[in-house]
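**Student:** Provide a 3D model corresponding to the input given below.
(chains A, B, C and D)
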4 protein chains.
Amino acid sequence: MAAQQNRLNEQAQGVFIIAATPFSDDGEVDLYSVDSLTDFYLEKGVTGFTILGMMGEAPKLSEAETTLVMERILKRVAGKVPVVVGVSNPSNRNVERLSKEAMALGAAGVMVAPVANLKTDDQVYGYYAGIANLLGKDIPICLQDFPQATGVYTSVAVINRLIDEFSQVVMLKHEDFPGMRKLSQVREQSEKEGRRRISILVGNGGLFLPQEMLRGADGAMTGFAYPEMLVQVCDLFANGQPEAAEDLFNVYLPLLRHEFQYGIGLALRKETLRRRGAIRSAFVRKPGPVLDKNDHEELGRLIQRQDIALGK
Amino acid sequence: MAAQQNRLNEQAQGVFIIAATPFSDDGEVDLYSVDSLTDFYLEKGVTGFTILGMMGEAPKLSEAETTLVMERILKRVAGKVPVVVGVSNPSNRNVERLSKEAMALGAAGVMVAPVANLKTDDQVYGYYAGIANLLGKDIPICLQDFPQATGVYTSVAVINRLIDEFSQVVMLKHEDFPGMRKLSQVREQSEKEGRRRISILVGNGGLFLPQEMLRGADGAMTGFAYPEMLVQVCDLFANGQPEAAEDLFNVYLPLLRHEFQYGIGLALRKETLRRRGAIRSAFVRKPGPVLDKNDHEELGRLIQRQDIALGK
Amino acid sequence: MAAQQNRLNEQAQGVFIIAATPFSDDGEVDLYSVDSLTDFYLEKGVTGFTILGMMGEAPKLSEAETTLVMERILKRVAGKVPVVVGVSNPSNRNVERLSKEAMALGAAGVMVAPVANLKTDDQVYGYYAGIANLLGKDIPICLQDFPQATGVYTSVAVINRLIDEFSQVVMLKHEDFPGMRKLSQVREQSEKEGRRRISILVGNGGLFLPQEMLRGADGAMTGFAYPEMLVQVCDLFANGQPEAAEDLFNVYLPLLRHEFQYGIGLALRKETLRRRGAIRSAFVRKPGPVLDKNDHEELGRLIQRQDIALGK
Amino acid sequence: MAAQQNRLNEQAQGVFIIAATPFSDDGEVDLYSVDSLTDFYLEKGVTGFTILGMMGEAPKLSEAETTLVMERILKRVAGKVPVVVGVSNPSNRNVERLSKEAMALGAAGVMVAPVANLKTDDQVYGYYAGIANLLGKDIPICLQDFPQATGVYTSVAVINRLIDEFSQVVMLKHEDFPGMRKLSQVREQSEKEGRRRISILVGNGGLFLPQEMLRGADGAMTGFAYPEMLVQVCDLFANGQPEAAEDLFNVYLPLLRHEFQYGIGLALRKETLRRRGAIRSAFVRKPGPVLDKNDHEELGRLIQRQDIALGK
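**Tutor:** Alright, predicted model coming up:
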């Protein structure tokens, strides 16, 4: 069965694109654009998808819409690349329900961010251990470490303990900021202590992607509107060409840095995807950021400058 | 039509009980206990209900469960006292959908807490104005001002502006802490400036109820497991007996203070309701607080001391 | 030498009063009131002092004022009860300088809260270990665990590790909220694992003092304006009369709860001390809370009610 | 008198460098490096200095060190460029004392960040109004709007109100993130409403400098270790060459982005200044960031890549 063949594991690398969820201008899920965006990502060479994450506006979907989007993408992507489904939720029951639904529909694994208000190492460990036990060994888990959004800090010690105790923990979405030392520590401690090496994909819009690749990341899990750059950068690193990789990265850095702005970044990303023809509307569900005239002009100018730099 | 007769308005007073949502020990919604708890509250003399709030574990319910609980309580309470339904949600679409569903089922109004990440006065005002415009003049709104949980601070200026511009804003759930001066300011500025006087019901477990009544509150919106005390205190205040009211309040203060503890407070409240026979299980959905042996003994001792003080 | 005889140790118990710092109405340190307040505390039977803490407005003093206040109190208290000096500071150099100055002047030990922005167990441990190593074995340390003010959460595991590794860590000021389970865990794990038993004094205004004494606290470190109650409650607990202790505590609970309000609580405390004749002015340095007419009347009424309850 | 001639005003523009405070390896203030760093900044063409800010480790200095550093720099810079002195402090008395000391020594003005725990527009306004009234009309004030560090959000409405009511408010250090719309709003509302136009210098390490200049900023107030780039970029903007300005900016963007990392950014900045010969030691006072082997190599590689891009 397809779902089985595609199970997420520690070897995952490259670009797992954080997929936006396209809406029409009246706020409805736009299935036409879901399809076109899915194809856009596949054409750009992504090695995986992550859907229904925070930047996918998952908390703003109804349950039926969640299922609709999940089914649509999983079906379209089936057999091509693995899909990780974001299942973070205030209730463990809902995490379990969503995870099982996702896996049944062909997901490769699930991504879990901790609930708010976890403070100490024991509390963070306890939360993830509870989820891992609930989901069982057959559902691969990606830990989403994004303290800027969750308010929860996951220490290297906790990550290591989870790797040691739960074989289904196969991936870390590394999004602490600043977090590069953490990345090195996870890699170095695992090597030194003979620990299982999990996949680490980096977030924060890819703002430090070259540095993070050099520190042992396996790729990126982010949603920059030019995924082809992320793909090429990862490929160049895989081919032992870090300087060429970073040269390419730097051409896109001004726009990538622009999209990095929390909040309004999602609106900028969707608008860029719209301008590139990947989706029909840049609508973000309310309450959410809306671009004004200045924002549009500024974005246009940055895109134009990038096109010039790329010789377009 | 029943729903129309019971519309929430500025004259609301007394005790709007924050209703717990009872589960069985395996975590399912326990409809038998929903009924018995509803009856318990009614017997204790509450003047209103607030359901599906944070302490009602609303974010942990599925959509179907939300509807199930809402329908069950609204039907049982119909024609007796008004019911306010918590509809806070990251998406305005969901706020709208839930509000309309609640009103159609006979709710008296809705309670809305702001989404996270609103910082300035304009942002908080803008959020509530957006919701008020979306819901329209026919759905009465209670503003939930609970910065300890939401991280959002709603100023007196914003509250006044909302009162002035939206007739459907009829109630403030006052739960800032410390927040007594804010309460006085809302009252004094309204009086001085000829502003519409809205209902103010106080939260924070009722920890400052007598002081707040003297500052112009109309009652309490909280879920203390001895609602009969809250009811009697409000009645005594209404009858011009503030000293007797506070004497009674103080007998319960040790236990009320105990239940005031954020997080574990919900587990203590449910366990107390269970011991009083109002619900069959004190289960809190995970992740959530669980009482240990010390907690149980401590609670038992405090209840026993209270019973003695009450001459039981 | 006096300073040597009074060294803080694990046997500390009773009431270490958090001393307010009195100013005159124009904001200058009022040495007359420093003396009278010191005498007031001693007359009420406190077993120790904690000076220059957050509620002592230490961050608002100049260096010269810090020395002035420290010298004045240490001299007046010398030989009577131990004095702990708050030395929390953004710079380790300043912690060291203040600590050595305090010890040279006769302090019994120092109290240290963590700097902001420590997140994981390792970071919190690392901070305290750095301080402990810097100060050396001869300066007794009280850990101030007050996450509501510092934003830093100190886990039981970190506390235990510090106890195990640093003999100078002799006291925990327990002020997490809610934090009663933490208190029990420190006590139970120490007993089970044969760990050195340190002194635990509780804060949060004493709001849960009886419950905390039953869970193994050794007393209170707080600044409630009626220290005689705290002293008597601790004495009654020491004499095996927990019910009598709690009965007495509950008479003061309404006012204690009132003073518990963060921010304005300090102004209420100072005003109460002023009304009791312990200091000449209730001035709080700016920016800081100022009582208005409502606040004054409310406080007066609560004091009057307490006096009546006490048969005064 | 020199101090008078150099008073900060609304016409300030260009680069006000956030000056690092150099220490020797044992943590003492290194006056030799204070001098060499001052000269370094002047040689690079900065149009002003901002000293004793957060990135200048001001909270870690003793009072005597504060005076020492202030005197040393003010004397060396005297008559060349204006110097703004950071005077943020938990106590208004200390803000006043520091401000008067700074002005007496020849400072051009002071920079004030709000104290923590201000929440509503009225609270933020009230704080700044209190400070402005305390300092009087003769001490020019730069508002430091840096919510990521202070936790305080200053709305456009508050900024406008302060501009309208206090002529001494002449500059905004714009460091909200994301904050570009705020910058545009301050500019557009002032123009539309005939409000006094104040100087706006941008922070956040300059990460969005070109975009911010296009939105109406007058320059940068940041401490990037290559101030000559900031200077040239501002000059090019002043000369109507925004594209050339941004082309130059983008060459430095990879390193600038690297230094943008909160916390460790200061250590990276000081190490870069050390490598450039501007200071003798990159020591950061404890507790503070320390570079490890990875960090050093990574920084070296980025500097080398930048040198190559610059044709060095």
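**Student:** how much space is there between residue A:190 and residue A:10?
**Tutor:** Residue A:190 is 11 Å from residue A:10, where distance means C-beta to C-beta, to the nearest Å. (C-beta placed from N, C-alpha, C; glycine too.)
**Student:** okay, and the common contacts of the two?
**Tutor:** By the contact definition C-beta atoms under 8 Å, 6 or more residues apart in numbering or on different chains, residue A:190 and residue A:10 are jointly contacted by A:196, A:197, A:198.
**Student:** torsion angles phi and psi at the second one?
**Tutor:** It refers to residue A:197. Backbone torsions of residue A:197, given as degrees, to the nearest 10, read phi -90, psi 120.
**Student:** skip the chain neighbours and tell me the closest residue to it.
**Tutor:** In this structure, residue A:197 finds its nearest non-sequential neighbour in residue A:190, 5.5 Å apart by C-beta to C-beta, 6 or more residues apart in numbering or on different chains.
**Student:** next: residue A:232.
**Tutor:** Closest residue in space to residue A:232, ignoring its immediate chain neighbours: residue A:248 at 5.9 Å, by C-beta to C-beta, 6+ apart.
**Student:** name the element residue A:157 belongs to?
**Tutor:** helix A:156-165 (DSSP states H and E).
**Student:** for the following helix or strand past that helix, name the packing helices and strands.
**Tutor:** Where DSSP H and E defines the elements, the next helix or strand beyond helix A:156-165 is strand A:169-174. Judged by 3 or more C-beta pairs under 8 Å, 6 or more residues apart in numbering or on different chains; DSSP states H and E, the packing partners of strand A:169-174 are strand A:109-112, strand A:141-145, helix A:156-165, helix A:180-193, strand A:199-202.
**Student:** so which elements touch the last one?
**Tutor:** In terms of contacts (3+ C-beta pairs under 8 Å, 6+ apart), strand A:199-202 is packed against strand A:169-174, helix A:180-193, strand A:219-220.
**Student:** before we move on, back to that, buried subset of the shared contacts of residue A:190 and residue A:10, written for PyMOL?
**Tutor:** Buried members of these can be picked out in PyMOL with the line below, counting by 16 or more other C-beta atoms under 10 Å in any protein chain shown:
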select buried, chain A and resi 198
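**Student:** now the shared contacts of residue A:190 and residue A:10 in TSV, with pLDDT?
**Tutor:** Shown next, in TSV, are the shared contacts of residue A:190 and residue A:10 (pLDDT from 0 to 100):
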residue	pLDDT
A:196	97
A:197	98
A:198	98
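**Student:** ok, so of the shared contacts of residue A:190 and residue A:10, who is nearest residue B:223?
**Tutor:** Of all the shared contacts of residue A:190 and residue A:10, the one sitting nearest residue B:223 is residue A:198; the distance, using C-beta to C-beta, is 43.2 Å.
**Student:** chain neighbours aside, what residue packs nearest to that closest one?
**Tutor:** In this structure, residue A:198 finds its nearest non-sequential neighbour in residue A:10, 5.0 Å apart by C-beta to C-beta, 6+ apart.
**Student:** pLDDT of stretch A:268-283, averaged?
**Tutor:** Computed over stretch A:268-283, the mean pLDDT rounds to 98.
**Student:** for the residue in the stretch 51-200 of chain A positioned nearest to chain D, which non-adjacent residue is closest in space?
**Tutor:** For the stretch 51-200 of chain A and chain D, the shortest gap (C-beta to the nearest C-beta) falls at residue A:178, measuring 3.7 Å. Once flanking residues are discounted, residue A:178 sits nearest to residue D:261: 3.7 Å by C-beta to C-beta, 6+ apart.
**Student:** can you check residue A:24 too?
**Tutor:** Per C-beta to C-beta, 6+ apart, closest to residue A:24 is residue A:30, 4.5 Å.
**Student:** before we move on, back to that, and which of the shared contacts of residue A:190 and residue A:10 is nearest chain B?
**Tutor:** Nearest member of the shared contacts of residue A:190 and residue A:10 to chain B, counting by C-beta to the nearest C-beta, is residue A:198, at 23.6 Å.
**Student:** surely the closest one meets residue A:170?
**Tutor:** Yes - the pair residue A:198 / residue A:170 is scored as a contact, 5.5 Å apart, by C-beta atoms under 8 Å.
**Student:** now do the shared contacts for the two.
**Tutor:** Jointly contacting residue A:198 and residue A:170 under the rule C-beta under 8 Å, 6+ apart are residue A:10.
**Student:** what comes up buried for stretch A:66-75?
**Tutor:** Across stretch A:66-75, burial judged by 16+ other C-beta under 10 Å covers A:66, A:69, A:70, A:72, A:73, A:74.
**Student:** the helix or strand hosting the fifth one close to chain B?
**Tutor:** Spelled out, that is residue A:73. Per DSSP H and E, residue A:73 falls inside helix A:63-77. Yes - under the criterion of C-beta under 8 Å from any C-beta of the partner chain, chain B is reached by helix A:63-77 at residue A:63.
**Student:** from the chain's centroid, how far away is the helix or strand just after that helix?
**Tutor:** Downstream of helix A:63-77, the first helix or strand assigned by DSSP H and E is strand A:83-86. Relative to the centre of its chain, strand A:83-86 is centred 9 Å away, using C-alpha atoms, centre = their mean, to the nearest Å.
**Student:** repeat for stretch A:82-100
**Tutor:** A distance of 15 Å separates the centroid of the chain from that of stretch A:82-100, by C-alpha atoms, centre = their mean.
**Student:** and what of stretch A:50-62?
**Tutor:** Taking C-alpha atoms, centre = their mean, the mean C-alpha location of stretch A:50-62 is offset from the chain mean by 11 Å.
**Student:** pull up the distance across that stretch, start to finish.
**Tutor:** Stretch A:50-62 has an end-to-end distance of 19 Å (C-alpha to C-alpha, to the nearest Å).
**Student:** would you mind listing the buried residues in it?
**Tutor:** Neighbour counts over stretch A:50-62 (16+ other C-beta under 10 Å) mark A:50, A:51, A:52, A:53, A:54, A:55, A:56, A:57, A:58, A:59, A:60, A:61 as buried.
**Student:** and that stretch with chain B, contact?
**Tutor:** Yes - contact between stretch A:50-62 and chain B, assessed by C-beta under 8 Å from any C-beta, occurs at A:59, A:60, A:61, A:62.
**Student:** could I get those as TSV with pLDDT and distance to residue D:243?
**Tutor:** TSV is the format used below for these (pLDDT from 0 to 100; distance: C-beta to C-beta, whole Å):
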residue	pLDDT	distance to residue D:243
A:59	94	41
A:60	96	39
A:61	97	42
A:62	97	46
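**Student:** so which two of the residues you listed are the farthest from each other?
**Tutor:** That would be A:59 and A:62, which, of the residues of stretch A:50-62 next to chain B, are the farthest apart (C-beta to C-beta) at 10.8 Å.
**Student:** roughly how far apart are the residue lying closest to residue A:121 once chain neighbours are set aside and residue B:274?
**Tutor:** Of all residues not flanking residue A:121 in the chain, residue C:121 sits nearest, at 4.0 Å (C-beta to C-beta, 6+ apart). Computed as C-beta to C-beta, the residue C:121 to residue B:274 distance reads 35 Å.
**Student:** name the residue in those two with the higher neighbour count.
**Tutor:** Set side by side, residue C:121 and residue B:274 show more neighbours around residue C:121, with 24 against 19, by other C-beta atoms under 10 Å in any protein chain shown.
**Student:** confidence score at the more buried one?
**Tutor:** As predicted, residue C:121 sits at a pLDDT of 98.
**Student:** measure it to residue C:203 for me?
**Tutor:** From residue C:121 to residue C:203 the distance is 22 Å (C-beta to C-beta).
**Student:** go on, residue A:160?
**Tutor:** Applying C-beta to C-beta to residue A:160 and residue C:203 gives a distance of 34 Å.
**Student:** between the two, who's got more neighbours?
**Tutor:** Neighbour tally, residue A:160 and residue C:203, criterion other C-beta under 10 Å: the higher count belongs to residue C:203, 27 against 17.
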